[in-house]
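S.K.: This is a predicted model, with the sequence first.
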Amino acid sequence: MHNLALALHDDGHQVTGSDDQILEPSRSRLDAEGLLPEAEGWFPERITSDLDVVILGMHARTDNPELLAAQALGLSVQSYPEFLFHATERKQRVVIGGSHGKTTVTSMVLHVLQALNRPTDFMVGAQLEGFDRMVSLSQDRDLAVFEGDEYLSSPIDRRPKFFWYRPHLTLLTGIAWDHINVFPTEANYVEQFAHYLTTIEHGGAVVYCAEDAQLTRLVEASGVRAIPYRTPQWEADEAGVSLRFPDGGTCRTSLVGTHNFQNLAGARALCGELGVSPADFDRAIGSFSGAARRLQPIEKGDDVVVFRDFAHAPSKVKATTEGVRASFPDRRLLACFELHTFSSLNRDFLPTYSKALHAADEAVVYFDPNVIEHKRLPELDAEFVRSSFQRPDLRVITSREDLEAVWATWQSGPRVVLLMSSGWFSGAEWPLEN
């Protein structure tokens with residue numbers, strides 16, 4: 001939300017906002033632009049009839065006093081994705097969706113377009129090198145590239161966000177059931193993607209991963225013009241990885257993990273639909289170093305590589321672990337995964353993590369019992385978690401101190417360390433302070 005506020009301010013709009021808690025880096029960035037509220041909290045008297053639109057964040061409550069004031073005045077109250085659609089209604093809209101990898105693919109596309117000096121509006125779910133913020137909107141651009149999330153639009157709009165965007169061109173990375181608190185069954189979750197395909201503008205197209213059988217069936221049934229992509233052939237050496245595509249093109253990348261090579265192939269196919277030649281893409285993508293917390297290297301040395309990754313869904317945890325294993329076949333792989341989302345901490349959903357960490361030589365699952373209590377979920381015991389992952393030697397840890405003790409044993413010898421979470425391991429940071 002603070003990125004959107006900054007983008008609208010830059011585009012010449014008068015922007016005000018509120019929140020009951022404003023943390024870094026939002027606080028400093030808003031303050032630097034004169035947008036930081038004088039006080040935290042809710043002030044319904046600030047909601048007046050001269051406002052053009054009120055943009056409602058996903059985590060606001062339905063009884064928020066400012067929301068109630070806006071509704072009483074009959075103001076236009078829009079969700080974040082609804083506003084983005086209206087702001088780009090006359091532009092070509094490109095949306096990257098899927099259960100995993102959408103942030104990475106969006107980041108790759110934006111990196112290439114920037115390298116080729118092709119300005120675009122955008123919204124992406126991570127901070128990117130070379131970009132000031134995660135949202136940009138400008139009245140003088142004709143293209144908009146959005147990361148398309150299937151989660152809910154707002155507390156008063158329970159539709160998936162990507163239903164709003166009505167893309168002219170979209171990419172789907174794959175479908176793997178997630179968000180059990182919203183989509184209680186796998187069939188219900190898949191149904192959202194089937195409907196999303198019906199929202200593509202007439203004459204539009206979908207780029208899709210042909211290695212996902214379920215996604216392929218949906219795409220083929222949709223009748224939308226379809227462009228498939230697959231994981232390219234690759235070879236690694238000390239300087240990085242070389243990828244070879246079916247059209248004979250090649251590129252170099254510093255990325256690791258076969259899922260990232262698959263993501264790159266998808267970005268390449270999507271950019272081709274935007275008129276980017278394969279040769280231009282292959283040259284531009286070579287300098288892409290990744291998005292924040294997406295297999296982000298936080299330590300590199302002769303004996304160690306440590307990655308921080310946002311993986312939280314079962315398919316992403318499995319793909320990330322296996323991808324790193326494939327990229328470092330001769331190194332000991334130590335993997336730590338935090339159960340943090342509502343789905344991952346749900347006893348009914350946990351068994352879907354079966355064998356997700358099997359590619360690691362040593363595996364740890366961490367969760368904070370306080371988070372479980374906050375989400376009002378039943379308690380978890382170590383043996384149930386261990387059986388869900390189907391790994392008898394899995395170490396299940398529930399305190400920051402014990403987690404840091406394990407990490408301390410991982411700080412010597414040749415190894416690759418993989419830290420996966422959509423949270424922050426209760427404040428534990430790598431490397432540990434001496």
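M.R.: Thanks, I have the structure now. The structure displayed is predicted, hence computed values, not measured ones. Numbering: from 1, shown residues only.
S.K.: contacts, neighbours, all on C-alpha from now
M.R.: Noted.
S.K.: any idea which element D402 lies in?
M.R.: Assigned by DSSP states H and E, D402 falls within helix 400-409.
S.K.: what does that helix contact?
M.R.: Outside of helix 400-409, the residues within contact range by CA atoms under 8 Å, 6 or more residues apart in numbering are 366, 397, 425-428, 432.
S.K.: Sort out which of those residues are buried, if you could.
M.R.: Buried subset of these (neighbour count, 16 or more other CA atoms under 10 Å): 366, 397, 425-426.
S.K.: Pull the contacting residues for the residue nearest to E362 when sequence neighbours are not counted.
M.R.: Among residues not flanking E362 along the chain, L334 sits closest, at 4.9 Å (CA to CA, 6 or more residues apart in numbering). Counting by CA under 8 Å, 6+ apart, L334 makes contact with 360-363, 410, 415-418.
S.K.: Columns pLDDT, distance to L23 and secondary structure on top of those residues, output as TSV?
M.R.: Output for the contacts of L334, formatted as TSV (pLDDT from 0 to 100; distance: CA to CA, whole Å; DSSP: H, G, I helix; E, B strand; the rest coil):
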residue	pLDDT	distance to L23	secondary structure
A360	97	35	coil
D361	96	37	coil
E362	96	35	strand
A363	97	32	strand
W410	91	31	coil
R415	92	35	strand
V416	95	32	strand
V417	96	29	strand
L418	96	27	strand
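S.K.: Just the buried residues from those residues, in ChimeraX please.
M.R.: To isolate the buried ones among the contacts of L334 in ChimeraX, judged by 16+ other CA under 10 Å, type:
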select :360,362,363,415,416,417,418
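S.K.: Go ahead and flag the most central residue of this protein.
M.R.: In the chain, the residue lying closest to the centroid (CA atoms, centre = their mean) is T103, at 4.3 Å.
S.K.: Quick one: work out the angle between the helix or strand that contains the residue nearest to E362 and helix 400-409.
M.R.: Element membership of L334, judged by DSSP H and E, is strand 332-338. Interaxial angle, strand 332-338 versus helix 400-409 (axes from the mean of the first three to the mean of the last three CA atoms, to 10 degrees): 170 degrees.
S.K.: Using PDB, write out every CA atom in strand 332-338.
M.R.: Written as PDB, here are the backbone C-alpha positions of strand 332-338 (Å, rounded to 0.1, in the frame of the first residue of the first chain):
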ATOM      1  CA  ARG A 332      25.900 -30.900   1.400                       C
ATOM      2  CA  LEU A 333      22.400 -29.300   1.300                       C
ATOM      3  CA  LEU A 334      21.000 -28.000   4.600                       C
ATOM      4  CA  ALA A 335      17.400 -26.800   4.400                       C
ATOM      5  CA  CYS A 336      15.300 -24.900   6.900                       C
ATOM      6  CA  PHE A 337      11.700 -24.200   6.300                       C
ATOM      7  CA  GLU A 338       9.400 -22.100   8.500                       C
END
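S.K.: Tell me the strands beside that strand, with direction?
M.R.: strand 362-366 (parallel), strand 415-420 (parallel) (DSSP bridges).
S.K.: In JSON lines, list those along with distance to V145.
M.R.: Below are the strands paired with strand 332-338 laid out as JSON lines (distance: least, CA to CA, whole Å):
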{"stretch": "strand 362-366", "distance to V145": "35"}
{"stretch": "strand 415-420", "distance to V145": "27"}
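S.K.: I'd like to know which of these is closest to V305.
M.R.: strand 415-420 (4.9 Å; CA to CA).
S.K.: Please enumerate residues in contact with the closest one?
M.R.: 303-312, 317, 321, 328, 331-338, 410.
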